[in-house]
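# here's a sequence, model it:
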Amino acid sequence: MSGGKLYIQTYGCQMNDYDSDRMADLLASSHGLSLTDDPAEADVLLVNTCSVREKAQEKLFHQLGRWSRLKQNNPDLIIGVGGCVASQEGDAIARRAPHVDMIFGPQTLHRIPEMLDQQSVRRIRLTDVTFPEIEKFDRLPPPSVKPPTAQVSIMEGCSKYCSFCVVPYTRGTEISRPLESVVAELRHLAAKGVREVNLLGQNVNAWRGLVEDGEEADLAELITCTSVIEGIDRIRFTTSHPMEFSRSLIEAFADVPELVSHVHLPVQSGSDRILARMKRGYDVAHYMRIVEDLRAARPDIALSSDFIVGFPEETEADFEATMELVEAVNFDTSFSFIYSPRPGTPAALLKDETPPEVKKQRLYRLQDQLERQSRAHAAAMVGSRQRVLVTGESRARSNQLSGRTENNRVVNFTPAGSDDLTGQFVDLRIEKALPHSLQGVVWEAAC
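Coordinates of the predicted model:
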């Protein structure tokens, strides 16, 4: 198989994107496999799954059904299923898709090379969905780099056990990488031209990394360490849990200019009663205190959030409380979904008598309000000076470049000259707010 082709289909969150990139790095190092965009020419097909949203299993089995035809034409083809659905539904995958050769969880992707070697000796299905603490990161090669941005997973799993969430059961409990390991990866990325990093974790602000003297560092300390690495000039982190948003992390927004003026802080509901049923561990007053403290530390900070509509026994009053919170906070951008029960979670057993049409109407109302707020924030940026990290050619127009602002908005602009600005920070004047992007001009040219 050495020198063959690898195809990876990824579903889900940024953590899954990171894991898929590391699978590609790993198999390039161990077996010389190179990525292809065409599954028909691949020697190894991997699908990295996510079980957070509804119908994740159906999406997986439709994909495997399409790949079964490829295996019929090429019996030597290796098919593997990884990620959260593999961890949760390994037995079902084995029953429903007998052509799958390997099943592995998010914590055992580093064992794929050994699985491939065993497949070459004896073609039997191999399954490993265990939770071996931090071994995964110790066994992975240095990450490949696609400057000027990179994502770095600093912890795995979740220990919050929200009643609706399957993550603790598919990724295990919270395990943090040691500080030294994370910093080594960050330095490697910086040396390769990365200017912006996004620190990742299911509850990233729960990270506690061991340091040399046996003490623990928190996320604020990691951010400070990251800020002094030469070359890294912008820092993000995703995703936060309100219960772990510490005073030191809030103070980092006042003290660390490299930390962007943007926080994604999921609230899920504006009703204390529903938050309690969700087992989120905080109430609306707690959430609002974080918002107030963040705005005191960084007045221009942009906030985004996640919302679940139609949680079991959500009343109209509960939903109106969510709308009131949305109005009070004035989010920059947000994501919202109708609740879907995940098998094996406590919330899946709750009685739910709210008609689907009522849930849809509530979602439309919420999304309309969130969209109006987002458009207003974008419009308010027109005329302002924004520092943008140029990431490459614009998707909209080939003669334009594209970059992101601190508050995570895409800006397209025409460069003033012929120089390649990719990987550089450029000051732009925002000229126009479009539905999903901004249009800008180089500040010097604008003046």
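# show me what the longest helix seen in the chain is packed up against.
What stands out as the longest helix in the chain, according to DSSP state H, is helix 356-381. Secondary-structure packing of helix 356-381 (3 or more C-beta pairs under 8 Å, 6 or more residues apart in numbering; DSSP states H and E): strand 302-309, helix 316-329, strand 333-338, strand 425-433. The C-beta positions use only the backbone N, C-alpha and C, and glycine is treated the same way.
# let's have these in TSV, adding mean neighbour count and distance to Val228.
As requested, the helices and strands packed on helix 356-381 are exported to TSV (neighbours: other C-beta atoms under 10 Å; distance: least, C-beta to C-beta, whole Å):
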stretch	mean neighbour count	distance to Val228
strand 302-309	20	25
helix 316-329	17	32
strand 333-338	17	30
strand 425-433	18	18
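# ok, which of the ones you listed comes nearest Arg273?
helix 316-329 (6.1 Å; C-beta to C-beta).
# check which helices and strands that closest one sits against.
With contacts taken as 3+ C-beta pairs under 8 Å, 6+ apart, helix 316-329 sits against helix 272-278, helix 284-297, strand 302-309, helix 356-381.
# what secondary structure does the closest residue to Glu174 other than its chain neighbours sit in?
The shortest distance from Glu174 to any non-neighbouring residue, by C-beta to C-beta, 6 or more residues apart in numbering, is to Ser159 (4.4 Å). Three-state assignment for Ser159 (DSSP: H, G, I helix; E, B strand; the rest coil): coil.
# now do the one 3 residues further on
Secondary structure state of Cys162, per three-state DSSP, is coil.
# wait, what's in contact with it?
Taking C-beta atoms under 8 Å, 6 or more residues apart in numbering as the criterion, Cys162 is in contact with 278-280.
# out of these, who's nearest Val411?
Checking the contacts of Cys162 against Val411 with C-beta to C-beta, the nearest one is Arg280 at 34.4 Å.
# and the closest one, how many neighbours does it have?
24 (other C-beta atoms under 10 Å).
# correct me, but it touches Ser271?
No: using C-beta atoms under 8 Å, Arg280 makes no contact with Ser271, being 10.8 Å away.
# report the buried residues of the longest helix of the chain.
Within helix 356-381, the residues scored as buried using 16 or more other C-beta atoms under 10 Å are 359, 362-363, 366-367, 369-370, 373-374, 377-378, 381.
# same list (those residues) but as JSON lines, adding distance to Trp207 and pLDDT.
Shown next, in JSON lines, are the buried residues of helix 356-381 (distance: C-beta to C-beta, whole Å; pLDDT from 0 to 100):
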{"residue": "Lys359", "distance to Trp207": "35", "pLDDT": "98"}
{"residue": "Arg362", "distance to Trp207": "34", "pLDDT": "98"}
{"residue": "Leu363", "distance to Trp207": "32", "pLDDT": "98"}
{"residue": "Leu366", "distance to Trp207": "31", "pLDDT": "98"}
{"residue": "Gln367", "distance to Trp207": "32", "pLDDT": "98"}
{"residue": "Gln369", "distance to Trp207": "33", "pLDDT": "98"}
{"residue": "Leu370", "distance to Trp207": "29", "pLDDT": "98"}
{"residue": "Gln373", "distance to Trp207": "30", "pLDDT": "98"}
{"residue": "Ser374", "distance to Trp207": "29", "pLDDT": "97"}
{"residue": "His377", "distance to Trp207": "29", "pLDDT": "98"}
{"residue": "Ala378", "distance to Trp207": "32", "pLDDT": "98"}
{"residue": "Met381", "distance to Trp207": "31", "pLDDT": "98"}
